[in-house]
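Undergrad: sequence-free structure coming up:
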């Protein structure tokens, strides 16, 4: 107990100092607390229900959606919505939500934590979530996450016995996590266009090693599959969502659809599954969802007077699946388009040289399309992107790259475009905003 | 010319399918045939270039078990001078074994080394090495990335001929000079990148071994990217992440 109190005081002193200095570093109080008292989080009081959300893609969107809906359902929610998703960040959130003796500061009904996959072993044994939602498991940064199989095993090794898993049945890797734990599956029903990607992180049966046959392949390895040799197959769903009449139907219940693309549909469906398992009525959930939206900073759209559009989309660098998904969106959008991407890792730029292997897992081939008039890449790795685009078969006359995004925004050809896509990495938002403004002015100028 | 890709459904990690993608561009017009093979199939070990890329640890164990049943076929192909390029942890299949905690996974035992997995310490970093093919041709400085749970250690008296002389970064074995393995025309390297599009001159040297003297695809663009990276690698503060 003494160690906990010392940790608590030290962490709060750090929090006060950060506030005085007007510094962010949201994880720092938690880091201090965990250094002094490694089981600090286990010693904090917890709300009645703790929900953890993890996975490769969609965890921020989904955890925020769950937290927002819970609040609209009248619940008081503790969460790391504005903070870090690593162990220290979650600990900082608990510090903010508790007194220095570890009691809850407010009458929180629930906690919703977005948890980085690599933090599983540092969080779950101490926080012991009642529900753990795994959105999906794909390959991500090779330096941190190695590969999908490693991350799946890593998460599995950390799941507490009491935790109920909420799993994506259409993802054979995510759905196989912690096979001994209680689980509820969600999945998307109906038929959708198949997107054949370079990356498919599971092609062989995890039971017998025979090839898998996808009876319904949506994108990457997402879909329904069965083994060609043994009885292994995608699990059956308790919650099946279907896009119908502009909304999302789950069983007999209808919900507003926040985002019309498949990835957002999975995010929303997973949130509905969690809220349903918590006991909320479908009508109440639908009402809550109708009042929330996707975080504006991740997806924004500007429109000129004549209807030309500038789409600003946050696309995770080092993540071939996320970026390929955006490339698919670009090629599927009607009309003639231009794309400017700024996806480089700014931190690697300072002291090192970014590992660009991931761009060879990314489907640049999707941009070799007659109605994509210009494909531009800006940043320190622009020469690598240029080579990759040429290998992908994009017309060399349509490829333009430069180290400076601002320069490229000023110079790239937008004539004849009905829409422009600006794709930016998470940590380049500020820079992207400036680029967005230049592009939008230039797009408007093409109307004259 | 036949380019054989072993077990492509297993060996898809870390962007290394980009090696084949680039090679297809390089050999476009050269009449090259690209085909997939698996141990036990008639086409196994018949390519002029035999390529295998990095795998998950479970995939590697599966591959090791399959390769063991066809050890003599693999040995004959290497001894006869066929050109091999094994990238990432594929090269570990030629060693004695892979050690994973208490487990030992038997491998081909064609070279005197073993691989040791350490999940607690992933080795990440940049690498610069020198390739000298021993023909008197000018050497080539090669760049790539390391990202792996395993490293090798020598098991016997016989020396392993490295593929690259290390100029900066981690070699085949921790603390040892030299990266990768050269055994006849078998070339194995832990380097990711993918190594071929990142190193157009090296790609040309490999194509030359296959009897094709054409330039690497998009030569100018590939070389500009290579030169920039080489400078960055030399200037980077720490090659290990």
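TA: Happy to help now that I have it. If you're wondering where the values come from, they're calculated on a predicted model, not measured in any experiment.
Undergrad: For the rest of this, base every contact and every neighbour count on C-alpha atoms.
TA: OK.
Undergrad: Could you report the distance from the most far-flung residue of chain B relative to its centre to chain A?
TA: Going by CA atoms, centre = their mean, the residue of chain B most distant from its centre is residue B:102, 27.0 Å out. Computed as CA to the nearest CA, to the nearest Å, the residue B:102 to chain A distance reads 18 Å.
Undergrad: Contact partners for that residue?
TA: Applying CA atoms under 8 Å, 6 or more residues apart in numbering or on different chains to residue B:102 gives no contacts.
Undergrad: and chain B, which of its residues are near chain A?
TA: B:9-10, B:12-18, B:21-22, B:25, B:56, B:122, B:124, B:126, B:145, B:147-148, B:192-194, B:218, B:221-222, B:224-225, B:229, B:232-233, B:235-239 (CA under 8 Å from any CA of the partner chain).
Undergrad: what about 7 Å?
TA: B:9, B:14-15, B:18, B:22, B:25, B:124, B:145, B:147, B:193-194, B:221-222, B:225, B:232-233, B:236-237 (CA under 7 Å from any CA of the partner chain).
Undergrad: which residues does residue 49 bridge with?
TA: All of this is about chain A. With DSSP bridges as the criterion, residue A:49 is bridged to residue A:110.
Undergrad: My question was about chain B, not that one.
TA: Under the criterion used (DSSP bridges), residue B:49 bridges to residue B:3, residue B:83.
Undergrad: Kindly state the pLDDT recorded for it?
TA: The model reports residue B:49 with a pLDDT of 98.
Undergrad: likewise residue A:81?
TA: 89.
Undergrad: again with the one 3 residues further on
TA: Looking at residue A:84, its pLDDT is 91.
Undergrad: how about it, what does it touch?
TA: A:26, A:27, A:90 (CA atoms under 7 Å, 6 or more residues apart in numbering or on different chains).
Undergrad: about what we covered before: drop anything exposed from the residues of chain B next to chain A.
TA: Neighbour counting with 16 or more other CA atoms under 10 Å in any protein chain shown marks B:9, B:14-15, B:18, B:22, B:25, B:124, B:145, B:147, B:193-194, B:221-222, B:225, B:232-233, B:236 as buried within the residues of chain B next to chain A.
Undergrad: Next up, the contacts around residue A:273.
TA: A:186, A:239.
Undergrad: What lies in contact with stretch B:112-131?
TA: A:143, B:92, B:95-100, B:139-156, B:158, B:163-170, B:233, B:239-241.
Undergrad: just the residues of the stretch 251-400 of chain A that are near chain B, which are they?
TA: A:351-353, A:355-358, A:360-361, A:383-384, A:387, A:391.
Undergrad: List the ones among those residues that fall in helices.
TA: Residues of these located in helices (DSSP state H): A:351, A:383, A:384, A:387, A:391.
Undergrad: List only buried entries from those residues.
TA: Applying 16+ other CA under 10 Å to these flags A:383, A:384, A:387, A:391 as buried.
Undergrad: In contact with the second one: list those residues for me.
TA: When you say that, I think you mean residue A:384. residue B:225.
Undergrad: likewise the last one?
TA: Remark: with contacts taken as CA under 7 Å, 6+ apart, residue A:391 is in contact with B:22, B:25.
Undergrad: Okay, the residue nearest the centre of chain B and residue B:209: tell me how far apart.
TA: Compute the mean C-alpha point of chain B, and by CA atoms, centre = their mean the closest residue is residue B:87, 2.8 Å away. Distance, residue B:87 to residue B:209, using CA to CA, to the nearest Å: 17 Å.
Undergrad: Look up the pLDDT of residue 228 for me, please.
TA: Just going to use chain A. pLDDT at residue A:228 comes out at 97.
Undergrad: Chain B, not that one
TA: The model's pLDDT for residue B:228 equals 95.
Undergrad: Could you confirm residue B:61 falls within a strand?
TA: No. Residue state for residue B:61 (DSSP: H, G, I helix; E, B strand; the rest coil) corresponds to helix; a strand is not indicated.
Undergrad: OK, contacts around it?
TA: Residue B:61 neighbours (CA under 7 Å, 6+ apart): residue B:105.
Undergrad: now with 10 Å?
TA: Residues near residue B:61 by CA atoms under 10 Å, 6 or more residues apart in numbering or on different chains: B:55, B:67, B:93, B:98, B:105, B:106, B:107.
Undergrad: For it, give its distance to chain A.
TA: Where chain A is concerned, residue B:61 sits at a distance of 11 Å (CA to the nearest CA).
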